[in-house]
Structure formats: C-alpha cells, structure tokens
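> what's the 3D shape of this:
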Amino acid sequence: RAQKNLEEAGVAHRVTLLRHNASKGLPHSYREKRFDFLFIDAGKDEYETYVNRYLPHLEDGGVIVTDNIFFHGLAFPHHKEDPRNAWIGEKIDRYNHFIFQHPALLTHFLPIGDGMAISIKRS
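Modelled structure (predicted):
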C-alpha cells in the first residue's frame, strides 16, 4: 500500500522502501546506510526496541513516525483500571514517556486517528 501511495503522489522515484522484518535488524546490504524516515507500527512492546536499534541509522533531522500511540485510549490513566488491557496501556505509556524524554529526539504527539508521535532527530 505504501508503494501505491508514493506512486499516486508522484514521489516513488525519490523513495526507497525497505520491506523487512524490523525485529531481525537491517539486512546486511543496508547496515552502513542512513535513513531520513522511519515508520513504526508494530507490536507495542517492540516500539522502544526499534527506536534504539534504528536511531543510529537515522540522519540528523530525520523523522520517526510512531503509529497508535494512544491505542484506543489505553495509554491514558483512566483505562488502567481495566486489568485485561492495563498491560498494553502501560507499555504504550512507557514508550510515550521514553520517546518524549529521549535526548536525541524532539517529539510531538498528534491526536490523529489512534494517535501518532512525530519525532525529529536532533543534530
């Protein structure tokens, strides 16, 4: 779907999509490359791992977009009373604090859809 959207926007020729299982690290041929943009939409308990793993490969001024950072409101205190879902809310809340306080990142949270974090890597 991302490729189709890039083509429709007329920018596909300027973008290289890396379709890869991010939990396995970068493919060997990409380990020395730097990136401008990272989109994270994965298991909520893996978000912090991905930032730590891929931040060194992000250019200064590069952007990280993290999707679903409110996760149906579970990241907010009033949802922590529900023990069935409290664990995922705690993971999201911990990640949100992590990315907001990260010294290498300037992060803003946007109430779009289920929440989005936009982080810019500081120089």
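> what's in contact with the least confident helix or strand in the chain by mean pLDDT?
Using mean pLDDT, DSSP states H and E, the weakest-scoring helix or strand in the chain turns out to be helix 86-101, at a mean of 88. Helix 86-101 is contacted from outside by 44-45, 47-48, 51, 64, 66, 68-71, 74-76, 79-80, 105, 107, 109, 117, 119, using CB atoms under 8 Å, 6 or more residues apart in numbering. No exception for glycine: its C-beta is placed from N, CA and C like everyone else's.
> distance from it to the middle of the chain?
Distance of helix 86-101 from the chain centroid (CA atoms, centre = their mean, to the nearest Å) equals 12 Å.
> residues of it that come out buried?
By 16 or more other CB atoms under 10 Å, the buried positions in helix 86-101 come out as 88, 89, 91, 92, 93, 95, 96, 99.
> ok so, going back, tell me the buried residues within the contacts of helix 86-101.
For the contacts of helix 86-101, a burial check counting by 16+ other CB under 10 Å picks out 44, 47-48, 51, 64, 66, 68-71, 74-75, 79, 105, 107, 109, 117, 119.
> mind checking which of those residues land in helices?
47, 48, 51 (DSSP state H).
> dump those residues to a markdown table, plus pLDDT and distance to residue 25.
Shown next, in a markdown table, are these (pLDDT from 0 to 100; distance: CB to CB, whole Å):
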| residue | pLDDT | distance to residue 25 |
| --- | --- | --- |
| 47 | 91 | 16 |
| 48 | 92 | 15 |
| 51 | 94 | 14 |
